[in-house]
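Asker: Here is a sequence with its predicted model. Questions after.
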Amino acid sequence: MRNMSFSLPISLNKTYQIITREWEDLRCSFEMCGDIGEFNYEDLKDFKWLIGEEYEWLMSKIIKMDEKLSQYGYATSEALYVFTVLAMMAAKRLGLNSENLAFNFGMGYGFVRTGLISYDRLEPKQVLFYKIFFPLGGTWDMFWGFDPYLVKEKLSIVFHRFMSWQINPQHYKEDFARSQNIEELWKAWEEANE
């Protein structure tokens with residue numbers, strides 16, 4: 001672990017331990033995409049997307065996620081939020097510089113990792129990630145913990161697709177257009193979770 005240039009308040013020490021643990025798991029899962037490096041607490045404080053109340057909200061979500069872990073695993077709204085932020089940060093570290101694409105990647109990762117949707121409906125950005133991760137369909141818990149290599153390989157495929165969209169936005173428009181039939185996608189999602 002990197003030496004920190006500041007000391008954490010005692011109340012944040014547990015939060016830091018939890019988020020560092022989750023970051024290391026994420027780092028392992030993203031291995032085929034590149035090395036996201038060690039977690040640096042200051043990166044969270046400097047992350048443009050997390051300002052003011054959002055940052056404090058994330059800190060509370062991390063603790064609540066950990067408290068619910070033994071009962072619900074990662075299928076909680078807190079885990080969805082935490083993984084969305086961490087995956088977005090990881091994607092940016094790996095070179096996904098577009099704020100929009102990094103956010104879409106984070107939302108998609110959070111969806112696939114937890115099985116939960118971000119809002120009251122499935123977002124197209126979550127669908128795109130899901131369709132690339134599970135091209136033949138599947139459920140969110142099929143691979144995590146079952147075959148770590150398969151998770152790494154699938155994440156690499158998804159990440160490189162997002163990178164291709166950054167390089168050539170026309171590819172994103174084409175892929176997005178193919179996934180626009182939300183009703184059909186909802187039906188596929190419901191069938192996968194029966």
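Answerer: Nice, I can see it. Numbering: from 1, shown residues only.
Asker: Pull out the buried positions in the strand or helix carrying Arg21.
Answerer: In the assignment (DSSP states H and E), Arg21 maps to helix 10-29. By neighbour count on 16 or more other Cβ atoms under 10 Å, the buried set for helix 10-29 is Thr15, Tyr16, Ile18, Ile19, Thr20, Glu22, Trp23, Leu26, Arg27, Ser29. C-betas here are computed from N, CA, C, even on glycine.
Asker: cool, and stretch 123-136?
Answerer: Quick answer for stretch 123-136 (16+ other Cβ under 10 Å): Glu123, Pro124, Lys125, Gln126, Val127, Leu128, Phe129, Tyr130, Lys131, Ile132, Phe133, Phe134.
Asker: one step back: tabulate the buried residues of helix 10-29 (JSON lines), appending distance to Leu116 and pLDDT.
Answerer: Output for those, formatted as JSON lines (distance: Cβ to Cβ, whole Å; pLDDT from 0 to 100):
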{"residue": "Thr15", "distance to Leu116": "21", "pLDDT": "87"}
{"residue": "Tyr16", "distance to Leu116": "25", "pLDDT": "86"}
{"residue": "Ile18", "distance to Leu116": "19", "pLDDT": "93"}
{"residue": "Ile19", "distance to Leu116": "19", "pLDDT": "91"}
{"residue": "Thr20", "distance to Leu116": "23", "pLDDT": "92"}
{"residue": "Glu22", "distance to Leu116": "16", "pLDDT": "93"}
{"residue": "Trp23", "distance to Leu116": "20", "pLDDT": "95"}
{"residue": "Leu26", "distance to Leu116": "17", "pLDDT": "93"}
{"residue": "Arg27", "distance to Leu116": "23", "pLDDT": "95"}
{"residue": "Ser29", "distance to Leu116": "18", "pLDDT": "92"}
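Asker: Switch the residues you listed over to CSV; also include distance to Leu101.
Answerer: Listed next are the buried residues of helix 10-29 as CSV, based on distance: Cβ to Cβ, whole Å:
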residue, distance to Leu101
Thr15, 28
Tyr16, 28
Ile18, 27
Ile19, 23
Thr20, 26
Glu22, 22
Trp23, 21
Leu26, 18
Arg27, 20
Ser29, 19
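Asker: on contacts alone, who are the packing partners of the host helix or strand of Ile132?
Answerer: Here Ile132, judged by DSSP H and E, is contained in helix 124-133. Packed against helix 124-133 by the contact rule (3 or more Cβ pairs under 8 Å, 6 or more residues apart in numbering; DSSP states H and E) you find helix 99-114, helix 148-167, helix 169-178, helix 182-192.
Asker: Contacts made by the longest one with the rest, please.
Answerer: Counting by Cβ atoms under 8 Å, 6 or more residues apart in numbering, the neighbours of helix 148-167 from elsewhere in the structure are 28-33, 91, 94-98, 101, 104-105, 108-109, 129, 132-133, 143-144, 171-172, 175.
Asker: hang on, the earlier thing: so what touches the helix holding Arg21?
Answerer: 1, 8, 35-39, 41, 44, 59, 62-63, 65-66, 82-83, 86-87, 90, 148, 151-152, 155.
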